[in-house]
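Student: Coordinates only, no sequence provided:
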């Protein structure tokens, strides 16, 4: 069932399942429209359309969805999308962990350099002290 609102200044027609329906300006009607009318109905730009189209009578209900997918393909697409989201989420988490580890490595390198500088300073002070003691 669709809710169709005419956005134009004059009346416009809609081919519903029950037959032609005249929709006056700013009027909203609730009608059943076959999916085969979708391209024309939406392509005119004359209407605001909400709801879902009725399956064409010459096609089995399970034939294709609005994306052109069979029922099996639509299920596979859902599984793929869920799997892709999971992998993307794990990748983002890994990238964050890598960034955190790189920061820790950089911080450790700074601390090691500072410790080496202090060790060198201590050795120099020991050498100076030993030289004074002789």
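Tutor: Received the coordinates, thanks. No experiment lies behind these values; they were computed from the predicted model shown. Numbering: from 1, shown residues only.

Student: so how far is the first residue of stretch 56-76 from its last?
Tutor: Length of stretch 56-76, first residue to last, CA to CA, to the nearest Å: 24 Å.

Student: where's it relative to the chain centroid, distance-wise?
Tutor: Distance of stretch 56-76 from the chain centroid (CA atoms, centre = their mean, to the nearest Å) equals 23 Å.

Student: Also stretch 75-90?
Tutor: 11 Å.

Student: what does stretch 31-41 give?
Tutor: Its chain's average C-alpha position is 28 Å from that of stretch 31-41, according to CA atoms, centre = their mean.

Student: got the buried residues for it?
Tutor: Neighbour counts over stretch 31-41 (16 or more other CB atoms under 10 Å) mark 31, 33, 34, 36, 37, 41 as buried. Glycine gets a C-beta too; all of them are placed from N, C-alpha and C.

Student: Please, which helix or strand holds the most centrally placed residue in the chain?
Tutor: In the chain, the C-alpha nearest the mean C-alpha coordinate belongs to residue 85, at 8.8 Å (CA atoms, centre = their mean). Using DSSP states H and E, residue 85 sits within helix 71-133.

Student: got the domain boundaries for this structure?
Tutor: 2-51, 65-134 (automatic domain parsing).

Student: Show me how far the worst-scoring helix or strand of the chain on mean pLDDT is from its chain's centre.
Tutor: Ranked by mean pLDDT, DSSP states H and E, the weakest helix or strand in the chain is helix 38-43, scoring a mean of 92. In terms of CA atoms, centre = their mean, the gap separating the centre of helix 38-43 from the centre of its chain is 26 Å.

Student: and what of stretch 17-26?
Tutor: Remark: stretch 17-26 is offset 36 Å from the chain centroid, using CA atoms, centre = their mean.

Student: Just the buried residues of it, please?
Tutor: Neighbour-count burial for stretch 17-26, with 16+ other CB under 10 Å as criterion, is recorded at residue 23.

Student: First-to-last residue distance for that stretch?
Tutor: End-to-end distance for stretch 17-26, by CA to CA: 22 Å.

Student: Start the count at 30 instead of 1 going forward.
Tutor: Let's use 30 as the start, then, which means that last one is stretch 46-55.
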